[in-house]
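Asker: My questions concern the predicted model and sequence given below.
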Amino acid sequence: MPALVAIRAVHFAAAIQIVGALLFVCMMGRLPALAPDGQRRALLRVAAVLAVIALASAVAWLLGQAAGMTGHTLGQAWNDGAVGLLLFKTHAGVVWWVRFAIAAATVIWFWALLCRRGLPSEATLFAALLLAIANFVSCAWLSHAASDGGPYGSLHLAAQVLHLFAVSLWLGGLIPLAALLSRAFRRCDRSVAAAVQAISISFGNIALLAVAIIAITGSSIAALVLRDTTELNGSYAALLVLKLVLFGCMLVVAGVNRFRLAPRLADSDHGSVAARLWWCLLAEAILGSAVLIVVGALGITSPVADE
C-alpha cells in the first residue's frame, strides 16, 4: 500500500528529527559562543512543530493499518469500524494507545517549554530528549519484532529497540548540524569555526557509536527474521538488499565527514571545508531519507513468500 509506506516514512522522519533537534539543543548548551539562546529556542520550535506532525502522521498510520486489515480506503476504514476493532480488540491497539499517550505528551511538553521565558534547565531539556527517543523507539512494538512469538522474540524486540535508538541519534543530527554549519560560517569567525569543529567531532563520535549499534543490531534482526524462513519473499529480499546498499553509501559519506572534513574545519581554508562538509551532510541526509522510505515498505512486507 503506497500510501501507508509514505505515511510511515513521514512519521519516522518527523520522530527522528525531533530527537536530532533536542540532541543539538543539549549539545550546544556546552558551547555558549556558538549557541545563543535564540538559536537553541529556534530548534525547540522546530521540535514542537515536528511533534505535531509526528502525532498527525501516527493517526494516519493507524488509519492505514486499519484499512490494510479490511482492504478498504482510509476513509472507509474509519466508517466501517475497523479503527475501533484495531484499537480495542487487538494487542496492537494497546501499543497504539501507549504511543498516542507518548506522542501527545511530547507535543504538550515541547509547547509548554516554548511558553516559558528563556531556556529551560539542562535537566529539563535532557528529559525532553528522552521523551523524544521514547516516542520513536516505541515504533518497535509495531514491527515484525513485536509479532515474533518464537523463543528469541524478546531478543528480537530488544535488538529492534536498540536499532531504532541508534538510528534516531545518527539520522536526527544530520540536518541540525548542516543548519548550524551554514549559519555559523557566515560569521567568518575563527573562534566560531573552532566551536563548530568541536561540535562536529562530538556528533561524529556519537554517530560512530550509533553506526556500530546499527550494524550489530541490524545483523541480529536480519538473522532473527530469516531464521525460520524456508521461502523468502522476493520483494522483502530486494528491499533488504536496497537498504543495505543505501546504508553502505551512508557509511562512506559519514566516514569522509568525520575523519577528513570535520577535523579541518578550523583550518585557514575552513570556508571551503565547511561548504564540502555541508554538501556531504546533505547527501547523507538524502540517503537517510531513502532508507526511511525503504524501511516504511519493509515494515508492511512479509518476509515469507505467499503460498
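Answerer: Alright, I've got the coordinates. Numbers count the residues shown, from 1 in each chain.
Asker: Tell me the helix or strand right after the worst-scoring helix or strand of the chain on mean pLDDT.
Answerer: Ranking every helix and strand in the chain by mean pLDDT, DSSP states H and E puts helix 74-79 at the bottom, with a mean of 64. Following helix 74-79 in sequence order, the next helix or strand is helix 82-89 (DSSP states H and E).
Asker: From the contact counts, what lies against that next one?
Answerer: Under the contact definition 3 or more Cβ pairs under 8 Å, 6 or more residues apart in numbering; DSSP states H and E, helix 82-89 sits against helix 37-70, helix 91-115. (C-beta placed from N, C-alpha, C; glycine too.)
Asker: Quick one: distance of that helix to the chain centre.
Answerer: 27 Å (Cα atoms, centre = their mean, to the nearest Å).
Asker: start at 253 instead
Answerer: All right, first residue 253 from here; so that's helix 334-341.
Asker: Could you pull out the buried residues of it?
Answerer: Judged by neighbour count using 16 or more other Cβ atoms under 10 Å, the buried positions of helix 334-341 are 334-335, 338-339.
Asker: before we move on, what about stretch 547-558?
Answerer: Within stretch 547-558, the residues scored as buried using 16+ other Cβ under 10 Å are 547-551, 553, 555.
Asker: how about the residues you listed, which pair is most distant?
Answerer: Maximum pairwise distance in the buried residues of stretch 547-558, criterion Cβ to Cβ, is 15.7 Å, between Gly548 and Pro555.
Asker: coming back round to it: out of the buried residues of helix 334-341, show me where the pLDDT dips lowest.
Answerer: Model confidence across the buried residues of helix 334-341 bottoms out at Ala334, which has 77.
Asker: in terms of contact, does that one touch Leu314 like I think?
Answerer: No. In this structure, Ala334 is not within contact of Leu314 by Cβ atoms under 8 Å, at 10.1 Å.
Asker: where does the stretch 403-552 of the chain dip in pLDDT?
Answerer: The model of the stretch 403-552 of the chain has pLDDT under 70 over residues 436, 438-443, 480-484, 518-523.
Asker: With distance to Glu374 added, can I get the buried residues of helix 334-341 in JSON lines?
Answerer: Listed next are the buried residues of helix 334-341 as JSON lines, based on distance: Cβ to Cβ, whole Å:
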{"residue": "Ala334", "distance to Glu374": "45"}
{"residue": "Val335", "distance to Glu374": "41"}
{"residue": "Leu338", "distance to Glu374": "40"}
{"residue": "Leu339", "distance to Glu374": "38"}
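Asker: Just give me the closest of those to Ala418.
Answerer: Leu338 (29.4 Å).
Asker: Tell me if I'm right that that closest one and Gly320 touch.
Answerer: No. Taking contacts as Cβ under 8 Å, Leu338 lies outside contact range of Gly320: 9.8 Å.
Asker: Do you have the helices of the stretch 403-552 of the chain handy? List them.
Answerer: Counting by DSSP state H, counting those that start in this stretch, one finds helices in the stretch 403-552 of the chain at the ranges 405-436, 442-478, 486-508, 522-550.
Asker: closest one to Ala300 among those?
Answerer: Nearest to Ala300, of all the helices of the stretch 403-552 of the chain, is helix 405-436, at 14.6 Å by Cβ to Cβ.
Asker: Many thanks, I have nothing further to ask.
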